[in-house]
Each structure stands twice: as structure tokens, then as C-alpha cells.
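the following comprises the amino acid sequence and a computationally predicted model.
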Amino acid sequence: MEKLKGALAVFLGASSFGILSTFVKKAYGQGLTLGEVTGIQVLFGMLILWLIFIAIKLFSRKTFQSSTKKSSWIKILISGTSTGLVSILYYKCVQLVPASLAIVLLMQYIWIGVVIELIFFKVKPSKNNLIGIGIVLIATLLATGLIEKGLKDLNLTGLLFGLLAATAYSVFMIVNGRVGNDYHPIQKSAIMVTGACLLVFTLFPPNYLFNGQFDTNFLHFGLILSLFGTVIPPLLFAYGLPKTGFSLGGILSSAELPVATCMSYFILHESVSSVQWVGVLLILGTVIWLNAAKSSTH
């Protein structure tokens, strides 16, 4: 029963990520800019996470022993810039290409992460990983519509931002697994989002907070994007992953892809052909297979 609860939590956390691109598109439609969308997400996310952590610290019976901490919070803060970079690059991609395509480009982290680990950490990819990379690349040609339409209908700048977002996401995944694991998960998330906030506000100064431009639209999208992109996923993952284990967690977290594609199809009414659906399902199947294979080897 506990494993089922954990599985549901991880699935909902991934689904929460999946709906982001749809609301980002809607925010752009209401006249918000890239800097405003990313800025209000990280600002609201940072404030909510710190409030949750302070509440836990005040009302929980568990004590937080600072003496047990070995890693520096500065490292977590700096590593948090990677998640800020993911938001900036991904939301720029969403601005230029359909949301259903943007999520496919983000999923390229599957093979980009393997390449980064090989170059910087000398971790050789397994045979399964190499097969998986091959399938993902072929599936991407289907899912992006390249095989059907060629390059003429694709925004190449959007394509580039999508691949850069996937690279930043790979760095975030690698760094997140190596830094701050001796901190409370909510505290770690709060510090990381603070780092993201510093990066976003450095690149896009938040003038809208002081010039009277901040209105109900900012509040509306700020709450939605921060809750579904910054607050709910880490809370649900922190609860669910210890119960499911990371391999099953990896399978369930791939729910982000079909959720994002379905949202863009049904809510934004974007065109997704049957060939593109085949590509999406192939990528999803590969993620499930890789994590299942990883689980069986442990």
C-alpha cells in the first residue's frame, strides 16, 4: 500500500511538470514576456518553499541537526542556477515552437545526460543505454514531425533552445543527485530555487514588481507556474521516491511527456499527427524500458 501511495505521488509530481508548457503558452497569450514568466515562477516558488520549510521546522517534532550537514549551502545555491537556466531555455523554446514539440526536445536529456557523464565523469554507457539512445533519436525524428514535414516548418532557433534546455536539464539531474543530499528535501529545494531566482533576476531584472505593472495576471500565472513547476513536484517526489525506489520512480516520472502532449493537443488545440504520437510513445516506452532494465540489474 505504501509503495502504491509513493507511486501515485511520483506520477502526480511528473504530471504536474507536464502541464507547465500549456500554461506558459497561455501566459504568453496574455502578453507576459519570457523574463516575466520565469521571474514570477521562481519568485513565488522560492517564497512558498521557504514558508513550507519554516512551517515544517516550527511544527514538526523532528529536529534539524545542523551539525550533521557536510555540504555547503553555497554549492546548492550555485547548483540551483541550473534549474533557473532550464526554465529560461525551455520557456524560450515554448515561445518559438508548439508545446507538444518543446517537451519532446526537453526529453533529449535522456541521451545528453549519458554523453555528459561519459565526458566529465568517465562513466561508460551500458549496452541498454546505447540502444535506448538510438531509439530515442529515431523516435524524436517522428515526434518532431521532421520525417513528415522536413525542416521547412520547424523553427530552428526554437529547436536549438529546446536542445539547450535538455542539456541544462541533464546538468540539473546530475548535480541534483550529487549535491546537498544531507539537507531536508524541502530545504534543499528552497535553496536551489533561491539560486534559480538570483540567476533569473540577474538576466531579467524584475522591474514589473515596482513599476505598477504587476497585476492579477502576474499573480494568477505566478501561482500556477510556481505550484506546478516548483513546489508540488519536489514535495511529491520527496514523499514518493523513497517508497518506490529510483528505478520505478524514473518510469513514473516519464508521465511528463504524454501529459504535456495531451495538454497541448486538447487544451491548446495544437496539431499532433499519428506519426508524432508514435514518436512520443516510443520515447515513453524507451524511458520505461531503461528504468525497468536498470531495476532488474540491482
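Cool, the structure landed. Numbering: from 1, shown residues only.

now tell me what touches the helix or strand where Leu12 lies from outside.
Leu12 belongs to helix 2-18 when elements are defined using DSSP states H and E. Around helix 2-18, the neighbours that count as contacts under C-beta atoms under 8 Å, 6 or more residues apart in numbering are 103, 228-229, 232-237, 239-244, 248-249, 252-260, 263. For the C-beta atoms, the positions are set from N, CA and C on the backbone; glycine is no exception.

could you point out the helix or strand that follows it?
helix 20-29.

re earlier: in helices, which of the contacts of helix 2-18 fall?
Counting by DSSP state H, the contacts of helix 2-18 place 103, 232-237, 239-244, 248-249, 252-253, 256-260, 263 in helices.

buried subset of these, written for PyMOL?
Here the buried members of these are turned into a PyMOL selection, burial being counted by 16 or more other C-beta atoms under 10 Å:
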select buried, resi 103+232+233+234+235+236+237+239+240+241+243+244+248+249+252+253+256+257+258+259+260+263
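
the stretch 151-298 of the chain: strands as residue ranges?
With DSSP state E, counting those that start in this stretch as the criterion, the stretch 151-298 of the chain has no strands.

just to revisit the earlier point, the helix holding Leu12 to helix 232-244, inter-axis angle?
Relative orientation of helix 2-18 with respect to helix 232-244: 150 degrees, computed using axes from the mean of the first three to the mean of the last three C-alpha atoms, to 10 degrees.

report the buried residues of helix 2-18.
By 16+ other C-beta under 10 Å, the buried positions in helix 2-18 come out as 6-18.

any idea of the mean pLDDT for that helix?
Along helix 2-18, the predicted local confidence has a mean pLDDT of 86.

give the contact list for the closest residue to Gly113 other than its chain neighbours.
Counting by C-beta to C-beta, 6 or more residues apart in numbering, Ser170 is the residue found nearest to Gly113 once chain neighbours are left out, at 3.8 Å. Shown here is Ser170, whose contacts under the criterion C-beta under 8 Å, 6+ apart are 109, 112-113, 116.

hmm, 10 Å instead?
The contact partners of Ser170, taken as C-beta atoms under 10 Å, 6 or more residues apart in numbering, are 82, 86, 108-117.

tell me the most packed of these, by neighbour count.
Counting neighbours by other C-beta atoms under 10 Å, Val86 leads these with 25 neighbours.

so which strand or helix has that one?
Element membership of Val86 [criterion: DSSP H and E] is helix 81-96.

give me the angle between that helix and helix 20-29.
Using the same axes, to 10 degrees, the interaxial angle of helix 81-96 with respect to helix 20-29 works out to 60 degrees.

and Ile88, how many neighbours?
When counting by other C-beta under 10 Å, one arrives at 24 neighbours for Ile88.

how near is the closest residue to it other than its chain neighbours to Leu154?
In this structure, Ile88 finds its nearest non-sequential neighbour in Thr38, 5.4 Å apart by C-beta to C-beta, 6+ apart. Using C-beta to C-beta, to the nearest Å, one obtains 24 Å as the distance from Thr38 to Leu154.

hang on, the earlier thing: got CSV for the buried residues of helix 2-18, with distance to Ala190 too?
As requested, these are exported to CSV (distance: C-beta to C-beta, whole Å):
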residue, distance to Ala190
Gly6, 22
Ala7, 26
Leu8, 24
Ala9, 19
Val10, 20
Phe11, 24
Leu12, 21
Gly13, 17
Ala14, 21
Ser15, 23
Ser16, 18
Phe17, 18
Gly18, 23
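
between these, which sits nearest Phe161?
The shortest separation between Phe161 and any of these is 17.9 Å, and it belongs to Phe17 (by C-beta to C-beta).

can I get the CA coordinates of stretch 287-294 in PDB?
Coordinates of the C-alpha atoms in stretch 287-294 are reproduced here as PDB (Å, rounded to 0.1, in the frame of the first residue of the first chain):
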ATOM      1  CA  VAL A 287      12.300   5.500 -20.700                       C
ATOM      2  CA  ILE A 288      10.200   2.800 -19.100                       C
ATOM      3  CA  TRP A 289      12.400   0.000 -20.600                       C
ATOM      4  CA  LEU A 290      15.700   1.700 -19.500                       C
ATOM      5  CA  ASN A 291      14.500   2.100 -15.900                       C
ATOM      6  CA  ALA A 292      13.000  -1.400 -15.800                       C
ATOM      7  CA  ALA A 293      16.300  -2.900 -17.100                       C
ATOM      8  CA  LYS A 294      18.200  -0.800 -14.500                       C
END
